[in-house]
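[1] Turn this into a model:
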Amino acid sequence: MKGLAGAGNQNMSQFAWQVQSVARAALDLLFPPRCAVCGRVERKLCADCVADFHPIGDSFCPTCGEPQLVSNICGRCAANPPAFEYIRSAYRYEAGLRKAIHVFKYNGRRGLAAPLADAMVQVLPKPLTTVVICPVPLYPARQAQRGYNQARLLAEELAHCWNLTCLPEEALRRIRSTSSQVGLDYTARQSNVSNAFAADPALVGGNAILLVDDVCTTGATMNACAKALLAAGATFVAGVSLARASSDGQSGR
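    Just a heads-up that it's a prediction; the model follows:
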(Lines give C-alpha, C1' and ligand atoms only; values in the text may rest on other atoms or scores of the structure.)
Protein backbone atom coordinates (compact mmCIF):
# COMPACT_ATOMS: atom_id res chain seq x y z
CA MET A 1 0.00 0.00 0.00
CA LYS A 2 2.89 2.37 0.74
CA GLY A 3 4.09 1.92 -2.83
CA LEU A 4 0.66 2.83 -4.21
CA ALA A 5 0.46 5.84 -1.91
CA GLY A 6 3.93 6.91 -2.96
CA ALA A 7 2.99 6.69 -6.62
CA GLY A 8 -0.12 8.77 -5.96
CA ASN A 9 1.88 11.42 -4.12
CA GLN A 10 4.41 11.53 -6.94
CA ASN A 11 1.67 11.98 -9.56
CA MET A 12 0.12 14.81 -7.55
CA SER A 13 3.52 16.41 -7.07
CA GLN A 14 4.26 16.26 -10.80
CA PHE A 15 0.84 17.72 -11.63
CA ALA A 16 1.35 20.60 -9.19
CA TRP A 17 4.79 21.24 -10.68
CA GLN A 18 3.31 21.35 -14.20
CA VAL A 19 0.61 23.82 -13.14
CA GLN A 20 3.22 26.04 -11.48
CA SER A 21 5.43 25.86 -14.58
CA VAL A 22 2.61 27.02 -16.85
CA ALA A 23 1.85 29.90 -14.48
CA ARG A 24 5.51 30.94 -14.38
CA ALA A 25 5.77 30.83 -18.17
CA ALA A 26 2.70 33.05 -18.50
CA LEU A 27 4.13 35.59 -16.08
CA ASP A 28 7.46 35.57 -17.90
CA LEU A 29 5.68 36.54 -21.12
CA LEU A 30 3.99 39.47 -19.41
CA PHE A 31 6.96 40.54 -17.32
CA PRO A 32 10.30 39.47 -18.87
CA PRO A 33 12.57 38.34 -16.03
CA ARG A 34 15.98 39.72 -15.14
CA CYS A 35 18.95 37.70 -13.94
CA ALA A 36 19.02 37.81 -10.14
CA VAL A 37 22.80 38.32 -10.21
CA CYS A 38 23.69 40.60 -13.14
CA GLY A 39 20.29 42.04 -14.07
CA ARG A 40 20.38 40.88 -17.68
CA VAL A 41 16.90 40.77 -19.23
CA GLU A 42 15.15 37.56 -20.39
CA ARG A 43 16.50 35.03 -17.87
CA LYS A 44 15.90 34.61 -14.15
CA LEU A 45 19.47 33.38 -13.81
CA CYS A 46 21.74 33.69 -16.83
CA ALA A 47 24.16 31.01 -17.97
CA ASP A 48 27.18 33.27 -17.52
CA CYS A 49 26.35 33.85 -13.85
CA VAL A 50 25.73 30.14 -13.22
CA ALA A 51 29.10 29.41 -14.84
CA ASP A 52 30.69 31.65 -12.20
CA PHE A 53 29.31 29.57 -9.31
CA HIS A 54 32.13 27.71 -7.57
CA PRO A 55 31.51 23.96 -7.16
CA ILE A 56 32.64 22.30 -3.95
CA GLY A 57 35.01 20.01 -5.81
CA ASP A 58 36.28 16.58 -4.82
CA SER A 59 37.91 17.24 -1.43
CA PHE A 60 35.43 17.24 1.44
CA CYS A 61 34.44 15.26 4.52
CA PRO A 62 32.54 12.22 3.19
CA THR A 63 30.07 12.54 6.05
CA CYS A 64 29.18 16.21 6.60
CA GLY A 65 30.47 17.50 3.25
CA GLU A 66 32.73 20.16 4.79
CA PRO A 67 35.28 21.26 2.13
CA GLN A 68 38.83 20.41 3.18
CA LEU A 69 42.22 19.59 1.72
CA VAL A 70 41.76 15.81 1.84
CA SER A 71 38.64 13.65 1.65
CA ASN A 72 38.92 12.14 5.13
CA ILE A 73 36.28 12.18 7.84
CA CYS A 74 36.62 15.48 9.64
CA GLY A 75 37.38 15.72 13.36
CA ARG A 76 33.84 16.79 14.27
CA CYS A 77 32.19 13.84 12.51
CA ALA A 78 34.75 11.41 13.94
CA ALA A 79 34.17 12.66 17.48
CA ASN A 80 30.36 13.04 17.17
CA PRO A 81 28.93 10.97 14.29
CA PRO A 82 25.80 12.74 12.98
CA ALA A 83 22.41 11.12 12.50
CA PHE A 84 22.48 11.64 8.72
CA GLU A 85 24.47 9.39 6.40
CA TYR A 86 25.99 12.25 4.44
CA ILE A 87 25.50 15.79 3.17
CA ARG A 88 26.52 16.92 -0.30
CA SER A 89 26.49 20.57 -1.35
CA ALA A 90 26.66 21.83 -4.90
CA TYR A 91 28.51 25.15 -4.64
CA ARG A 92 30.34 27.44 -2.27
CA TYR A 93 28.19 30.13 -0.69
CA GLU A 94 29.95 33.14 -2.17
CA ALA A 95 29.87 35.86 -4.82
CA GLY A 96 27.05 35.57 -7.34
CA LEU A 97 25.42 32.55 -5.73
CA ARG A 98 25.19 34.32 -2.38
CA LYS A 99 23.38 37.20 -4.11
CA ALA A 100 21.05 34.84 -5.98
CA ILE A 101 20.09 33.01 -2.78
CA HIS A 102 19.48 36.29 -0.96
CA VAL A 103 17.14 37.46 -3.74
CA PHE A 104 15.45 34.05 -3.82
CA LYS A 105 14.77 34.05 -0.07
CA TYR A 106 14.02 37.65 0.75
CA ASN A 107 12.84 39.38 -2.45
CA GLY A 108 9.95 37.08 -3.29
CA ARG A 109 11.67 35.63 -6.39
CA ARG A 110 10.10 32.17 -6.18
CA GLY A 111 10.80 31.57 -9.86
CA LEU A 112 14.50 31.24 -9.07
CA ALA A 113 13.83 27.77 -7.64
CA ALA A 114 13.87 26.18 -11.10
CA PRO A 115 17.21 27.57 -12.40
CA LEU A 116 18.85 27.08 -9.01
CA ALA A 117 17.71 23.45 -8.90
CA ASP A 118 18.96 23.01 -12.47
CA ALA A 119 22.34 24.33 -11.32
CA MET A 120 22.35 21.79 -8.48
CA VAL A 121 21.71 18.80 -10.73
CA GLN A 122 24.59 19.87 -12.96
CA VAL A 123 27.10 19.02 -10.22
CA LEU A 124 25.37 16.71 -7.72
CA PRO A 125 25.11 12.96 -8.40
CA LYS A 126 21.61 11.70 -9.07
CA PRO A 127 20.24 9.94 -5.97
CA LEU A 128 18.87 6.43 -5.96
CA THR A 129 15.30 6.11 -7.21
CA THR A 130 14.31 4.55 -3.88
CA VAL A 131 14.65 7.80 -1.91
CA VAL A 132 11.97 10.40 -1.32
CA ILE A 133 12.71 14.10 -1.01
CA CYS A 134 11.94 16.16 2.08
CA PRO A 135 12.68 19.89 2.45
CA VAL A 136 14.00 21.37 5.68
CA PRO A 137 10.95 23.16 7.12
CA LEU A 138 10.61 26.72 8.36
CA TYR A 139 8.81 27.59 11.57
CA PRO A 140 5.18 28.38 10.60
CA ALA A 141 5.36 32.02 11.71
CA ARG A 142 8.49 32.63 9.66
CA GLN A 143 7.05 30.90 6.62
CA ALA A 144 3.88 32.99 6.89
CA GLN A 145 5.98 36.13 7.08
CA ARG A 146 8.08 35.18 4.04
CA GLY A 147 5.17 33.67 2.14
CA TYR A 148 6.97 30.45 1.19
CA ASN A 149 9.72 28.04 2.20
CA GLN A 150 12.61 28.35 -0.23
CA ALA A 151 13.83 24.84 0.64
CA ARG A 152 10.45 23.38 -0.36
CA LEU A 153 10.52 25.20 -3.70
CA LEU A 154 13.98 23.78 -4.38
CA ALA A 155 12.89 20.32 -3.22
CA GLU A 156 9.89 20.29 -5.56
CA GLU A 157 12.07 21.27 -8.51
CA LEU A 158 14.66 18.62 -7.65
CA ALA A 159 11.91 16.02 -7.35
CA HIS A 160 10.86 16.88 -10.90
CA CYS A 161 14.43 16.83 -12.24
CA TRP A 162 15.19 13.48 -10.61
CA ASN A 163 11.69 11.98 -11.01
CA LEU A 164 11.30 11.45 -7.26
CA THR A 165 8.50 11.98 -4.77
CA CYS A 166 8.54 15.11 -2.60
CA LEU A 167 6.90 14.54 0.79
CA PRO A 168 4.10 16.89 1.91
CA GLU A 169 4.67 19.63 4.48
CA GLU A 170 3.16 17.51 7.25
CA ALA A 171 5.94 14.93 6.95
CA LEU A 172 8.50 17.06 8.79
CA ARG A 173 7.62 20.13 10.85
CA ARG A 174 9.59 22.68 12.84
CA ILE A 175 7.80 22.61 16.17
CA ARG A 176 9.56 25.44 17.94
CA SER A 177 11.00 28.74 16.88
CA THR A 178 14.78 28.94 16.94
CA SER A 179 17.09 31.91 16.90
CA SER A 180 19.24 32.63 13.87
CA GLN A 181 22.26 30.38 13.45
CA VAL A 182 24.33 33.32 12.20
CA GLY A 183 27.24 34.04 14.53
CA LEU A 184 26.89 30.77 16.49
CA ASP A 185 29.71 28.24 16.75
CA TYR A 186 29.31 24.52 16.05
CA THR A 187 28.22 23.57 19.57
CA ALA A 188 25.77 26.45 19.87
CA ARG A 189 24.25 25.62 16.48
CA GLN A 190 23.62 22.03 17.54
CA SER A 191 21.99 23.17 20.78
CA ASN A 192 19.91 25.85 19.06
CA VAL A 193 18.09 23.37 16.80
CA SER A 194 18.01 20.41 19.17
CA ASN A 195 14.50 18.89 19.36
CA ALA A 196 13.17 21.63 17.07
CA PHE A 197 11.66 19.18 14.56
CA ALA A 198 9.05 16.44 14.56
CA ALA A 199 8.17 13.94 11.82
CA ASP A 200 4.97 12.04 11.04
CA PRO A 201 5.56 8.26 11.18
CA ALA A 202 2.68 7.66 8.78
CA LEU A 203 4.43 9.72 6.10
CA VAL A 204 8.10 8.99 6.70
CA GLY A 205 8.12 5.51 8.23
CA GLY A 206 9.94 2.95 6.09
CA ASN A 207 11.28 5.58 3.67
CA ALA A 208 14.83 6.47 2.69
CA ILE A 209 14.85 10.27 2.79
CA LEU A 210 16.93 12.95 1.09
CA LEU A 211 16.74 16.29 2.91
CA VAL A 212 16.98 19.47 0.84
CA ASP A 213 18.07 22.94 2.00
CA ASP A 214 19.34 26.08 0.34
CA VAL A 215 22.42 26.66 2.52
CA CYS A 216 24.34 24.34 4.83
CA THR A 217 27.12 25.42 7.19
CA THR A 218 27.92 22.80 9.86
CA GLY A 219 25.00 20.48 9.14
CA ALA A 220 23.41 21.18 12.53
CA THR A 221 19.93 21.76 11.11
CA MET A 222 20.02 18.69 8.88
CA ASN A 223 21.30 16.65 11.82
CA ALA A 224 18.35 17.73 13.96
CA CYS A 225 15.97 16.94 11.07
CA ALA A 226 17.59 13.52 10.57
CA LYS A 227 17.11 12.64 14.25
CA ALA A 228 13.40 13.47 14.02
CA LEU A 229 12.97 11.49 10.78
CA LEU A 230 14.79 8.42 12.10
CA ALA A 231 12.77 8.55 15.31
CA ALA A 232 9.63 8.46 13.16
CA GLY A 233 10.79 5.34 11.32
CA ALA A 234 12.82 6.56 8.36
CA THR A 235 15.33 3.93 7.28
CA PHE A 236 17.99 6.31 5.93
CA VAL A 237 18.53 10.07 5.90
CA ALA A 238 21.01 12.03 3.79
CA GLY A 239 21.03 15.65 2.69
CA VAL A 240 21.83 17.95 -0.21
CA SER A 241 22.11 21.72 -0.30
CA LEU A 242 22.51 24.31 -3.00
CA ALA A 243 25.35 26.05 -1.19
CA ARG A 244 27.92 25.35 1.51
CA ALA A 245 28.83 28.26 3.75
CA SER A 246 32.02 28.60 5.73
CA SER A 247 31.76 26.88 9.12
CA ASP A 248 33.26 29.90 10.91
CA GLY A 249 29.77 30.64 12.27
CA GLN A 250 29.08 33.66 10.11
CA SER A 251 26.29 32.32 7.89
CA GLY A 252 24.06 29.41 7.01
CA ARG A 253 22.53 26.58 9.04
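[2] Burial check on Leu154, number of neighbours?
    Other residues lying near Leu154 total 26 when counted by other CB atoms under 10 Å. Where C-beta positions appear, they are placed from N, C-alpha and C, glycine not excepted.
[3] Kindly report the same for Thr218.
    27.
[4] same deal with Val240?
    For Val240, the count of nearby residues is 25 (other CB under 10 Å).
[5] Please apply the same query to the one 5 residues further on.
    By the criterion of other CB under 10 Å, Ala245 has 23 neighbours.
[6] Let me see the ranges of the strands in the stretch 151-253 of the chain.
    Remark: strands assigned in the stretch 151-253 of the chain by DSSP state E, counting those that start in this stretch are 172-174, 197-199, 208-216, 236-244.
[7] if I pick the residue nearest to Pro81 when sequence neighbours are not counted, what's in contact with it?
    Spatial nearest neighbour of Pro81, chain neighbours left out: Thr63 (7.4 Å); criterion: CB to CB, 6 or more residues apart in numbering. The contact partners of Thr63, by CB atoms under 8 Å, 6 or more residues apart in numbering, come to 73-74, 77, 81-82, 85-87.
[8] Swap in 6 Å and give it another go.
    By CB atoms under 6 Å, 6 or more residues apart in numbering, Thr63 lies in contact with 73, 77, 86.
[9] Confirm that the second one sits in a strand.
    Meaning Cys77. No. Using DSSP: H, G, I helix; E, B strand; the rest coil, the assignment for Cys77 is helix, not a strand.
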